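**Q** pasting a predicted model and its sequence here:
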Amino acid sequence: MRCPSQIRIRIASHFAATAILYVLLIVSVTTSIGQTQRSRLVRAPVHPYAASDSHPGPAWFANVAPEAGLTMQNVNGDAASKKYIIETTGSGVAILDYDRDGWPDILLLNGRTLDGEPSPVVHPTNHLYRNNHDGTFKDVTAESGLTASGWAQGVCVGDYDNDGYNDLYITYYGKNRLYHNERNGAFKEVAGPTGVSGNGEAWGTGCAFVDYDRDGKLDLMVANYVQLDLKSLPKPGEGLTCIWKGTPVMCGPRGLPFTTNILYHNLDGKKFEDVSRASGITKTNGHYCFSVSTLDYNRDGWPDIYVACDSTPSILYRNNKDGTFTDVAPDAGVGYDEDGREQAGMGTAIGDYDGDGWPDVFKTNFSDDTSSLYHNNGDGTFTAAIADAGLGLNTQYLGWGTMFLDVDNSGLLDIIIANGHVYPQVDYAHLGSSYREPRLLYQNLGNGKFKDISKNAGPGCTELAPSRGLAVADLWNDGRLSAVINNIDEKPMLLVNLVSNSNHWLGVFTQGTRSNRDGIGTQVTVVAGGRKWLQEVRSGSSYISSSDLRLHFGLGPITTIDHIEVLWPSGMTEHFTVNGVDRFVTLVEGAGSQKPADQ
């Protein structure tokens, strides 16, 4: 997982040059009424790993994780022989500005070894890396207090007590953990006192903070996979569900007992109440659930929840606006593939890929199947568009983390996918797949179709790895989106695009006042040059991971923003005027030009 030598030399030279020119600026963000909303220490872009025109566009990704200091060794059981399903699912990654210095930091989750197996020399823990602002990161795990070990699975980011600092929720095989940001560089584990640790019997996977009742406090949605007892679990080949293509493999998820998902209601910023049954969440059962993505799919101003499920139909919880949800996935057309078949869903991404103002859904699935693309029809239903979009390719890969992202700021959302198989046996049994697989990059052509450019998108895409969690962010505030990938049993990847372009961009912070402080659930529409771009602020998503809460809009050649339309979770609708592009702006609820929202 290293770049070729010539690329490593180029990266090093870029890094040295930019370090010499490194300066700090304070960027003031102005509102539509000409007042300063907030001065935030967003430092001037330093352009580490500088882009050039020496590679073909729109993207040439290099893995710079070693140079950047992301050196965590992932541990998930026995790397060579996966006897149990817990060893195969891997872990997520979160990107958050935990110390509020204006630079995104990185949290990589980790697993452990099975009981009775030799432990690694270094006790496996999650790792928090603080952004050094110069292209490198410092491991601050010890001082952050995130030193617990266990089978960490998924992670989501949100300021659940509205104190201005992002907190962390991490799911586990076992009890889950909620880490409160103490605002001094450290976190305190408070899952027990706040009531969100779970019973330890369900296997937590994806999660998302979401203000489902729009009361200004972030609630918490947790997906569960299976109820797992390793002591009674059959070994590879010992049951009907432990054979794949005639080869003995680990057992599950079929044949294992399922469990239901959990919804926690935030009572006062200090305690949560389990409202899973009262809200209707538990009415959907018999599923093996992974990733959670929130979205307002019907644009009624209330957040809905989409859950990708393994070997069972996906779930779309429609918000009934009264504290309850109804699973409408089959009727809405997002529960099955276009032929009405169940799929083994892993990761999900939400984005308006065709610019019609409605959020669409992309989902990764198991090998020997296509991914899923559900086009939002704007009437509460979706149409399976995977074939029409040109994405019914690469069925040999097993997809996990995925995100919509504009790799070249063209104004069109592309798709990145992290892949890796669950059965090491595929290599020596010749089962039509490989255990270590490449990343995929699909370029949006602007006509509802995508083009596979993976093989020409740099070694960051073509190098093989057993990838799982994936998150994206503009890590150095220079308008380029990078991807952080958590590889099972290996070290992580940090993919940086080294292709330069002349396109423009806009980064958006949202700050709630009546709404939750992070503005999670806010719908932001940038209007410019006769076009509109819609995005939502989202916790969680991808494969059990959480990307930067800041929104990133590629603008193409456009240099003037007409205005920004914002629908806050509180129901308030505002317009903001922004001067200039290629910068970050902060939108504070109540500071724009207000108008009544449709209720």
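**A** Done, it's in.
**Q** hang on, E342 packs against A329?
**A** No: E342 is beyond contact range of A329, at 11.3 Å (criterion: C-beta atoms under 8 Å). No exception for glycine: its C-beta is placed from N, CA and C like everyone else's.
**Q** what's the average pLDDT for the strand or helix carrying G401?
**A** When elements are assigned from DSSP states H and E, G401 belongs to strand 399-405. Mean pLDDT, computed over strand 399-405, is 98.
**Q** what's the answer for stretch 493-512, then?
**A** For stretch 493-512, the mean per-residue pLDDT is 98.
**Q** chain center to that stretch: distance?
**A** Distance, stretch centre to chain centre, for stretch 493-512: 16 Å (C-alpha atoms, centre = their mean, to the nearest Å).
**Q** could I get the contacting residues of L316?
**A** Residues in contact with L316 (C-beta atoms under 8 Å, 6 or more residues apart in numbering) are Y297, D304, I305, Y306, V307, D327, V328, A329, A332, V334, G335.
**Q** roughly how far does it sit from P330?
**A** Note on L316: its distance to P330, by C-beta to C-beta, to the nearest Å, is 9 Å.
**Q** R100 touches Y165, doesn't it?
**A** Yes: proximity of R100 to Y165 meets the contact threshold set by C-beta under 8 Å, at 6.4 Å.
**Q** looking at those two, which is more packed in?
**A** Using other C-beta atoms under 10 Å as the criterion, R100 and Y165 rank with Y165 on top: 19 against 13.
**Q** do I have it right that the more buried one meets D101?
**A** No: using C-beta under 8 Å, Y165 is not in contact with D101, being 11.6 Å away.
**Q** which residues of the chain fall in helices?
**A** Applying DSSP state H to the chain gives helices spanning 5-20, 65-68, 141-144, 191-194, 329-332, 425-428, 459-462.
**Q** elements contacting the second one?
**A** Helix 65-68 is packed against helix 5-20, strand 493-497, with contacts defined by 3 or more C-beta pairs under 8 Å, 6 or more residues apart in numbering; DSSP states H and E.
**Q** next, count neighbours for G116.
**A** For G116, using other C-beta under 10 Å, the count is 5.
**Q** and the gap between it and E490?
**A** The gap separating G116 from E490 is 23 Å, by C-beta to C-beta.
**Q** cool, A329 as well?
**A** From A329 to E490 the distance is 34 Å (C-beta to C-beta).
**Q** more crowded one of these two?
**A** The residue with more neighbours, out of A329 and E490, is A329; 22 against 19, by other C-beta under 10 Å.
**Q** what's the spacing between the residue of the chain most remote from its centre and E87?
**A** Within the chain, the residue lying farthest from the chain centre (C-alpha atoms, centre = their mean) is E238, at 35.5 Å. For E238, the distance to E87 equals 16 Å [C-beta to C-beta].
**Q** cool, and D322?
**A** D322 is 42 Å from E87, by C-beta to C-beta.
**Q** those two: which is more packed in?
**A** It is E87, of D322 and E87, that has more neighbours when counted by other C-beta under 10 Å, with 24 against 9.
**Q** before we move on, back to that, among the helices and strands packed on helix 65-68, which gets the worst mean confidence?
**A** helix 5-20 (a mean of 42).
**Q** give me the low-pLDDT residue ranges for the stretch 301-450 of the chain?
**A** In the prediction, the stretch 301-450 of the chain carries no residues with pLDDT under 70.
**Q** for it, just list every one of the strands.
**A** Assigned by DSSP state E, counting those that start in this stretch, the strands in the stretch 301-450 of the chain fall at 304-309, 315-319, 325-327, 345-351, 360-365, 372-376, 382-384, 399-405, 414-419, 440-444, 450-452.
**Q** elements contacting the last one?
**A** When you say that, I think you mean strand 450-452. Using 3+ C-beta pairs under 8 Å, 6+ apart: strand 450-452 touches strand 440-444.
**Q** strand partners of the strand it packs on, parallel vs antiparallel please.
**A** Using DSSP bridges, strand 440-444 pairs in its sheet with strand 414-419 (antiparallel), strand 450-452 (antiparallel).
**Q** of those strands, flag the one that's most buried.
**A** strand 414-419 (a mean of 28; mean count of other C-beta atoms under 10 Å).
**Q** who's in contact with it?
**A** With contact meaning C-beta under 8 Å, 6+ apart, strand 414-419 is reached by 58-59, 347, 349, 353, 362, 364, 371, 391, 397-407, 437-444, 450, 467-470, 472, 483, 485, 543.
**Q** one step back: could the strands of the stretch 301-450 of the chain go into TSV alongside distance to R538?
**A** Listed next are the strands of the stretch 301-450 of the chain as TSV, based on distance: least, C-beta to C-beta, whole Å:
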stretch	distance to R538
strand 304-309	11
strand 315-319	15
strand 325-327	17
strand 345-351	7
strand 360-365	12
strand 372-376	16
strand 382-384	18
strand 399-405	10
strand 414-419	16
strand 440-444	19
strand 450-452	21
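**Q** and of those, who's closest to D215?
**A** strand 315-319 (13.3 Å; C-beta to C-beta).
**Q** restricting to C-alpha, output that closest one in PDB.
**A** Only the C-alpha atoms of strand 315-319 are listed here, as PDB (Å, rounded to 0.1, in the frame of the first residue of the first chain):
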ATOM      1  CA  ILE A 315     -35.100  -0.200   5.300                       C
ATOM      2  CA  LEU A 316     -36.400   3.300   4.700                       C
ATOM      3  CA  TYR A 317     -37.900   4.700   7.900                       C
ATOM      4  CA  ARG A 318     -40.300   7.500   6.900                       C
ATOM      5  CA  ASN A 319     -40.700  10.200   9.600                       C
END
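**Q** what's the distance between it and the middle of its chain?
**A** Relative to its chain's centre, strand 315-319 lies at 19 Å (C-alpha atoms, centre = their mean).
**Q** and for stretch 100-120?
**A** Stretch 100-120 sits 17 Å away from the centroid of its parent chain (C-alpha atoms, centre = their mean).
**Q** I'd like the numbering to begin with 37 instead of 1 from here.
**A** Sure thing, new numbering starts at 37, so read that last one as stretch 136-156.
**Q** report the rounded mean pLDDT for it.
**A** 89.
**Q** try stretch 571-580
**A** For stretch 571-580, the per-residue pLDDT averages 98.
**Q** one more: stretch 255-274?
**A** For stretch 255-274, mean pLDDT is 93.
**Q** that stretch: end-to-end distance?
**A** 41 Å (C-alpha to C-alpha, to the nearest Å).
**Q** got it, and stretch 503-514?
**A** Start-to-end, stretch 503-514 (C-alpha to C-alpha) is 26 Å.
**Q** same check, this time on stretch 466-484
**A** End-to-end distance for stretch 466-484, by C-alpha to C-alpha: 36 Å.
**Q** can you pull the buried residues of it?
**A** 467, 469-480 (16 or more other C-beta atoms under 10 Å).
**Q** got the end-to-end distance for stretch 344-354?
**A** Using C-alpha to C-alpha, the end-to-end distance of stretch 344-354 comes to 15 Å.
**Q** what residues of it count as buried?
**A** Result for stretch 344-354 [16+ other C-beta under 10 Å]: buried residues A344, C345, D346, S347, T348, P349, S350, I351, L352, Y353, R354.
**Q** quick check: beta-bridge partners of N167?
**A** For N167, the beta-bridge partners are F173 (DSSP bridges).
**Q** does it really touch F173, like I thought?
**A** Yes: applying C-beta under 8 Å as the test, N167 and F173 come out as touching, 5.9 Å apart.
**Q** what touches both of these two?
**A** Contacts common to N167 and F173, judged by C-beta under 8 Å, 6+ apart, are D141, I142.
**Q** counting neighbours, what do you get for I489?
**A** The burial count for I489: 18, using other C-beta under 10 Å.
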